[in-house]
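Enquirer: any chance you can model this:
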Amino acid sequence: MVIDIKGYRVFIASPSGLDKERRAFREALQEYSEDDSVPRGVSFLPVGWEDTLASVGRPQEIINEDVMASDCFVLVLWDRWGTPPSKSKSKYSSGTEEELHVAIDSLQDQNMPMRRIVVLFKGVDERQLSDPGEQLQKVLDFKRTIEQNKTFLFQTFDSIDEFKRILRRHLARWVRDDKLERGKVVDNTLDLTVQHEKSDINAINDERDLNELLVMAKELASLGQYTDAEAAYSKAVVGATSVEAVIKYGRFLRRRGRLEHASAMFSRARELALVTEDKKSEAWALANLGVVERNRRRYADAEPVLKEAYEIGRNLSPPDRGLLAYVLGNLAQLNAANGNLEEAENIQLKALEYQRDRDCPADLANSLGSLGVIYRRRGEWKQAEAIHMEGISVAESAGDEGLGPLAYNCGSLGLVLAHVGRIDESIKCHERALDINTRLDRVESQALNRSHLASAYVAAGDLDRALEHNRLGSEVNTKSGNMEGVAYNSSILGQALLKKGEPTKAVSLFEEAVKIYTRLHKTKALVYNLVYLATAEAKCGRTKRAAHYFDVAATSVSSLNIEMVDHVRVARRRFEDEFVKDGSI
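Expert: Numbers count the residues shown, from 1 in each chain. Just a heads-up that it's a prediction; the model follows:
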């Protein structure tokens, strides 16, 4: 059988020192094309300066022609900015910078094939980051510029495997598009010569000022100035023996999605604690290591580490209630992720006891939110609503410290209210959560809020707002590699198209959601989407396929609660009443 293949040229730009990444780039594109995209009619061709043929003329101009002929541009930077492209007149400080601006010009030109620009940074060792030389400083200045101007969304990686995973995420997104549409047009007047005021960080050299440096790093992170925050944390941990500093840097990295580097920091913190026989710090280091493993979905690895942290914390004199509550809360979430909701409730209630004995309303509100989520997942709507309302009240009393837990409780309460049919109240909750997370610059949380808002607006019949929120949420989920979020967005778009009377388009979206939820072992979400898929197939007139998906849903639902069993049964009966006229399928 002949398959029509559409090829996309993907150009990689980087200064010297990234040979392994350039090889991995080619491997990732080739592997993805062979395994995933070619069967769907798409192939990705890697392009770089290595492919530029020897020719008469300025070498950089020949490379630029390859950039202009490409569909996508991937910029990779590490600790070097590069050197000027030639001795001839050029307004750019390096060949890589010139290639970037050629790509930006091409993106803005509707007649050029350029459709996407991706910017990736390789993580820099904290020792080098704390005292950057001229080359690294130029990279940091550029990173700071695009961070402040929000010119591009960028990502940081710490290993070749992570680099290839990020590339595959972008390739998957491009394949999922009906066509490779033009990306956001960006400002091509980047002032890369802007020098950030670094004197405050560089002036702190005395170990006595360590606390000041940590406070500065936290404030910079809260303002979204992550490049400078990382520089401050790096300066705090280089040559220092402070376990607290290393743990705080690790938490910063974990929140930024740098799980591999975060794990290394927590392991280092544990080693320091063992040397000084500081059991409390050892327990905190272990607790954070367990959270990293949970974030990686390595639940079997996370549980024993968290339990070890709990045992150490429980035997402290006096016990650290904040530590115990933190560990128990994460163990509860671990059990909830594994579907052990009863055990999750028992553990979370113990965590809540510790929190109520402490004078920390933000932590209490967060613990209440986690308990509310467990009740919501068990279908105990009244209890979930009551707990979330208490969580909101406590969070509001905590001021700025309570903003995160406030958004957490509002978002989950919005889901509770949507389920019981109070759609207008649900929308207000999600909008409040979105507003808070926007102020906190929590991009992935905003994506989740937008996705929930989209679902609520579908229920309310406001499909224009639903589609816009879903589009914005989907962009972030795809770029961050949040496959569960991607599946959710596919499902929401499918539901909107069903309401618009476009079941054929909806089928492919529900199929995509079913595929992802199956791979992630998300049974409840899988069942909902099997029902949506069956409904869409029925509306396309394919009743046998619809009946098949209802059968699969009925088989899958056996491990869930009675409410989900009833949901499938009612949907199946509605299908038979509407589409099966002669009593047979």
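Enquirer: the bottom helix or strand of this protein by mean pLDDT?
Expert: Every helix and strand in the chain was compared by mean pLDDT, DSSP states H and E; the lowest is helix 199-202, with a mean of 51.
Enquirer: how about the following helix or strand past that one: buried residues?
Expert: The C-terminal neighbour of helix 199-202 among helices and strands, as given by DSSP states H and E, is helix 210-222. Using 16 or more other Cβ atoms under 10 Å as the test for burial, helix 210-222 gives 210, 213-214, 216-218, 220-221. C-beta coordinates here come from the backbone N, C-alpha and C atoms, glycine included.
Enquirer: who are the packing partners of the following helix or strand past helix 210-222?
Expert: Using DSSP H and E, the helix or strand that follows helix 210-222 in sequence is helix 226-237. Taking 3 or more Cβ pairs under 8 Å, 6 or more residues apart in numbering; DSSP states H and E as contact, the helices and strands that helix 226-237 lies on are helix 126-129, helix 134-149, helix 199-202, helix 210-222, helix 243-255.
Enquirer: give me the element residue 555 is part of.
Expert: Element membership for residue 555, per DSSP H and E: helix 543-556.
Enquirer: please apply the same query to residue 365.
Expert: helix 361-377.
Enquirer: and whatever helix or strand comes next after that helix, what other elements does it pack with?
Expert: Downstream of helix 361-377, the first helix or strand assigned by DSSP H and E is helix 381-397. Secondary-structure packing of helix 381-397 (3+ Cβ pairs under 8 Å, 6+ apart): helix 361-377, helix 403-419.
Enquirer: next up, phi/psi of residue 357, please.
Expert: Backbone torsions for residue 357, taken as degrees, to the nearest 10, come to phi -80, psi 0.
Enquirer: gap between it and residue 307?
Expert: Between residue 357 and residue 307 the computed distance is 22 Å (Cβ to Cβ, to the nearest Å).
Enquirer: check residue 519 too.
Expert: Taking Cβ to Cβ as the measure, residue 519 falls 28 Å from residue 307.
Enquirer: could you list the low-pLDDT ranges of the stretch 151-300 of the chain?
Expert: 176-208 (pLDDT under 70).
Enquirer: contact partners for residue 484?
Expert: 516-517, 520, 522, 525 (Cβ atoms under 8 Å, 6 or more residues apart in numbering).
Enquirer: try 6 Å this time
Expert: residue 520 (Cβ atoms under 6 Å, 6 or more residues apart in numbering).
Enquirer: what kind of secondary structure is it in?
Expert: Secondary structure, DSSP: H, G, I helix; E, B strand; the rest coil: residue 484 is helix.
Enquirer: and the one 3 residues further on, by the same measure?
Expert: Classification of residue 487 into helix, strand or coil gives helix, according to three-state DSSP.
Enquirer: what's the neighbour count on it?
Expert: Neighbours of residue 487 under the rule other Cβ atoms under 10 Å: 26.
Enquirer: leaving out the residues flanking it, which one is nearest to the residue nearest to the spatial centre of the chain?
Expert: For the chain, residue 480 is the residue whose C-alpha lies nearest the centre (Cα atoms, centre = their mean; 3.9 Å). In this structure, residue 480 finds its nearest non-sequential neighbour in residue 444, 5.7 Å apart by Cβ to Cβ, 6 or more residues apart in numbering.
Enquirer: ok, and the closest non-adjacent residue to residue 295?
Expert: Residue 295 sits nearest to residue 259 (Cβ to Cβ, 6+ apart), 5.9 Å away.
Enquirer: surely the one you found and residue 294 touch.
Expert: No: contact criterion Cβ atoms under 6 Å: residue 259 and residue 294 do not qualify, at 10.3 Å.
Enquirer: looking at the two, which one has more neighbours?
Expert: Neighbours per residue, other Cβ under 10 Å: of residue 259 and residue 294, the larger number sits with residue 294, 20 against 17.
Enquirer: for the more buried one, give me its contacts.
Expert: 302, 334.
Enquirer: that one is in what secondary structure piece?
Expert: Using DSSP H and E, residue 294 falls in helix 279-295.
Enquirer: next SSE after that helix?
Expert: Using DSSP H and E, the helix or strand that directly follows helix 279-295 along the chain is helix 299-314.
Enquirer: can you spell out which helices and strands pack onto that following helix?
Expert: Secondary-structure packing of helix 299-314 (3 or more Cβ pairs under 6 Å, 6 or more residues apart in numbering; DSSP states H and E): helix 279-295, helix 321-337.
Enquirer: mind listing what's buried in the first one?
Expert: Within helix 279-295, the residues scored as buried using 16+ other Cβ under 10 Å are 279, 281-294.
Enquirer: just want the angle from that helix to helix 321-337.
Expert: If you take axes from the mean of the first three to the mean of the last three Cα atoms, to 10 degrees, helix 279-295 sits at 20 degrees to helix 321-337.
Enquirer: dump helix 279-295 to CSV, restricted to CA.
Expert: Extracted in CSV, the C-alpha atoms of helix 279-295 (Å, rounded to 0.1, in the frame of the first residue of the first chain):
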residue,chain,number,x,y,z
LYS,A,279,18.3,13.1,61.8
LYS,A,280,15.7,15.8,61.3
SER,A,281,17.5,17.0,58.1
GLU,A,282,17.9,13.4,57.0
ALA,A,283,14.2,12.9,57.3
TRP,A,284,13.4,16.0,55.3
ALA,A,285,15.9,15.0,52.6
LEU,A,286,14.3,11.6,52.4
ALA,A,287,10.8,13.0,52.3
ASN,A,288,11.7,15.2,49.3
LEU,A,289,13.3,12.3,47.6
GLY,A,290,10.1,10.4,48.0
VAL,A,291,8.1,13.3,46.5
VAL,A,292,10.4,13.4,43.4
GLU,A,293,9.8,9.6,42.9
ARG,A,294,6.0,10.2,43.3
ASN,A,295,6.2,13.0,40.7
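Enquirer: can you state the direction angle for that helix and helix 243-255?
Expert: In terms of direction (the same axes, to 10 degrees), helix 279-295 departs from helix 243-255 by 10 degrees.
Enquirer: distance between helix 279-295 and the chain's centre?
Expert: 21 Å (Cα atoms, centre = their mean, to the nearest Å).
Enquirer: and what of stretch 28-46?
Expert: Mean-position distance between stretch 28-46 and its chain equals 24 Å (Cα atoms, centre = their mean).
Enquirer: now stretch 348-368
Expert: With Cα atoms, centre = their mean, you get 27 Å for stretch 348-368.
Enquirer: with stretch 238-250 instead?
Expert: Per Cα atoms, centre = their mean, the centroid offset for stretch 238-250 relative to its chain is 25 Å.
Enquirer: check which residues of that stretch are buried.
Expert: Quick answer for stretch 238-250 (16+ other Cβ under 10 Å): 242-250.
Enquirer: who's in contact with that stretch?
Expert: With contact meaning Cβ under 6 Å, 6+ apart, stretch 238-250 is reached by 126-127, 130, 210, 214, 233, 236-237, 262, 265-266, 268-269, 272-273, 281, 284, 288.
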